[in-house]
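Trainee: return a 3D structure for these sequence lines:
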Amino acid sequence: MRKELLKAFLSSLGVLRPDELELIADNTVVQNFKKGTILLREGQVSNKCYAILEGCIRSYYLIDGEEKSTAFFTEGQPVTAFTSYVNQKPTKQYLECVEDCVLTVGNQDLEKEMCNMIPRLDAIIRAEVEKEAGKKQDEFAFFMTSSPEERYLNLLERRPELFNRVPQHQLASYIGVKPESLSRIRKRIAEKRKSNSIAT
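Mentor: You can find the predicted model right below:
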């Protein structure tokens, strides 16, 4: 079952030949992690990278004793504390399983080994990393230039499934407000939509 999930994920990339796909699937470690598992803590050096086959992972920072959520990763997405992983320096972030997860677990040695077996894999990985970096840059720019209500609406439009998978206080932290403020935003938007539908 786990190997089938992995093969489906690799196929979704649309760049691997069947023989390459099989080779990677045979040499990739897939593990189950329980909801609440901390994959990485502040102060640790990130020596693993993950891809989500099933489940949801949250990235957050602990600031003055308060958790500040910065990202949610779901099926098909890679997850790592990139700067710590590449530079082998202690991280300031946490990675936590929000749900029970099925993850691929890799490291730099395994990456090198796989790239030796499939030379063009290096370019594929680099392209994926650049794509993810571009997404993060766009998300950060939007966050810095938008209001909490705009962030909420953007999340509702792009990733509505998160509202059924992630606790409200973590979503509130992600859009930069307290849980009670998020409740007010949701109520205000619901009322606006209701009045708009009545008007039409």
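
Trainee: on the three-state scheme, Gly76 is what?
Mentor: Secondary structure, DSSP: H, G, I helix; E, B strand; the rest coil: Gly76 is coil.

Trainee: let the chain start at 3 from now.
Mentor: Taking 3 as the first residue, the last one we looked at is Gly78.

Trainee: tell me the contacts of it?
Mentor: 11, 14, 53-54 (C-beta atoms under 8 Å, 6 or more residues apart in numbering). (Glycine included, C-beta is placed from N, CA and C.)

Trainee: and those, which two are furthest apart?
Mentor: Largest separation among the contacts of Gly78 by C-beta to C-beta: Ser14 and Ile54, giving 12.0 Å.

Trainee: what's the first helix or strand after the longest helix seen in the chain?
Mentor: For the chain, the helix with the greatest residue count under DSSP state H is helix 123-147. Note on helix 123-147: by DSSP states H and E, the next helix or strand toward the C-terminus is helix 150-160.

Trainee: which residues touch the helix or strand following that next one?
Mentor: The helix or strand immediately downstream of helix 150-160 is helix 164-167, counting by DSSP H and E. Residues outside helix 164-167 that contact it (C-beta under 8 Å, 6+ apart): 58, 74, 76, 100-101, 157-158, 173.

Trainee: would you mind listing which of those residues are buried?
Mentor: Taking 16 or more other C-beta atoms under 10 Å as the criterion, what is buried in these is 58, 74, 76, 100-101, 157, 173.

Trainee: including secondary structure, distance to Phe145 and pLDDT, could these go into CSV?
Mentor: Below are the buried ones among the contacts of helix 164-167 laid out as CSV (DSSP: H, G, I helix; E, B strand; the rest coil; distance: C-beta to C-beta, whole Å; pLDDT from 0 to 100):
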residue, secondary structure, distance to Phe145, pLDDT
Cys58, coil, 20, 98
Phe74, strand, 13, 96
Thr76, coil, 19, 95
Val100, coil, 20, 97
Glu101, coil, 24, 97
Leu157, helix, 11, 93
Leu173, helix, 14, 95
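
Trainee: nice, that's everything, thank you.
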